[in-house]
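# No letters, just coordinates:
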């Protein structure tokens, strides 16, 4: 934290309205600095544009960035409601390494007891992944896929050096494939999990403040 500028800001980016609702209605009391929750819209292009636009604001220029929301699990044995902490995000253009993974895992276990937390590469896609394509992506070493995280973090690091991370909640897995994202509204636990882990994001952000003084 810079004593002149105040606490470092945190930008939490998601794509869908239901994800945004979960984050807006979570417990905001533990924030270590200014927090912006950004709904980017669906897909990598929308995510990249939205994040670049927001980080052009001098008030958010130094913000740590965390991409979150729902994802498709790729590994057998994953279940809806499981959490994925990215070691890195990948897409055809780049690989971006994430920061503070161990701290995120620790805080997520505390915030969502009983939920399995997976760590590994998170890959990006420009479409919803179905059927055999899962196995192809799993063979690359990725453990989960979504459409926005890789683009979000790439846009963030292009805008300037900063800590970045990605945490996703599994809604769709090899043995639990969704027909449509609207099924989430019908009882999938992912909404409640995402809402419950907001304090873990704040603790991750707080842990970054000391090294950046």
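Perfect, thanks for sending it. Treat the numbers as computed from the prediction; the structure is a model and nothing was measured.
# switch to C-alpha atoms for all contacts and neighbour counts from now on
Fine.
# shouldn't residue 122 be in contact with residue 148?
No - under the criterion of C-alpha atoms under 8 Å, residue 122 is not in contact with residue 148, lying 10.4 Å apart.
# where exactly do the helices run in this structure?
Remark: helices assigned in the chain by DSSP state H are 17-24, 44-55, 101-111, 133-138, 149-158, 190-196, 198-209.
# Now render those as CSV, adding distance to residue 81 and mean neighbour count.
Conversion of the helices of the chain to CSV gives the following (distance: least, C-alpha to C-alpha, whole Å; neighbours: other C-alpha atoms under 10 Å):
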stretch, distance to residue 81, mean neighbour count
helix 17-24, 13, 18
helix 44-55, 23, 19
helix 101-111, 12, 18
helix 133-138, 18, 16
helix 149-158, 18, 25
helix 190-196, 5, 21
helix 198-209, 15, 21
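# Out of these, flag the one nearest residue 64.
Of all the helices of the chain, it is helix 198-209 that lies closest to residue 64, at 7.3 Å by C-alpha to C-alpha.
# related to what we said a few turns ago, can you flag the weakest of the helices of the chain by average pLDDT?
Per-stretch averages of pLDDT across the helices of the chain put helix 133-138 at the bottom, with a mean of 87.
# From the chain's centroid, how far away is it?
Helix 133-138 sits 20 Å away from the centroid of its parent chain (C-alpha atoms, centre = their mean, to the nearest Å).
# if we look at it, which residues are touching it?
Outside helix 133-138, the residues within contact range by C-alpha atoms under 8 Å, 6 or more residues apart in numbering are 74-75, 123, 144, 174.
# Could you tell me the model confidence score at residue 186?
37.
# Residue 212 now?
44.
# follow-up on the earlier one: taking the contacts of helix 133-138, tell me the two that lie furthest apart.
The span of the contacts of helix 133-138, defined through C-alpha to C-alpha, is set by 123 and 174 at 15.8 Å.
# rewinding a little: out of the contacts of helix 133-138, which is nearest to residue 201?
Distances from residue 201 to the contacts of helix 133-138, taken by C-alpha to C-alpha, are shortest for residue 144, at 19.4 Å.
# so what's that closest one up against?
71-75, 84, 121-123, 138.
# how close does it sit to residue 128?
Relative to residue 128, residue 144 is positioned 12 Å away (C-alpha to C-alpha, to the nearest Å).
# Likewise for residue 97?
Taken as C-alpha to C-alpha, the span from residue 97 to residue 128 is 23 Å.
# Just among the contacts of residue 144, which is most surrounded?
Counting by other C-alpha atoms under 10 Å, residue 73 has the largest number of neighbours within those, with 33 neighbours.
# The residue nearest in space to the middle of the chain: what's it in contact with?
Note on the chain: the residue nearest the mean C-alpha position is residue 68, at 2.3 Å, using C-alpha atoms, centre = their mean. With contacts defined as C-alpha under 8 Å, 6+ apart, residue 68 is in contact with 12-14, 149, 166-169.
# redo that, cut-off 7 Å
Counting by C-alpha atoms under 7 Å, 6 or more residues apart in numbering, residue 68 touches 13-14, 166-168.
# out of residue 97 and residue 128, which sits in the busier spot?
Ranked by neighbour count (other C-alpha under 10 Å), residue 97 and residue 128 place residue 97 first, with 18 against 14.
# nearest spatial neighbour of the more buried one, skipping sequence neighbours?
Among residues not flanking residue 97 along the chain, residue 88 sits closest, at 4.3 Å (C-alpha to C-alpha, 6 or more residues apart in numbering).
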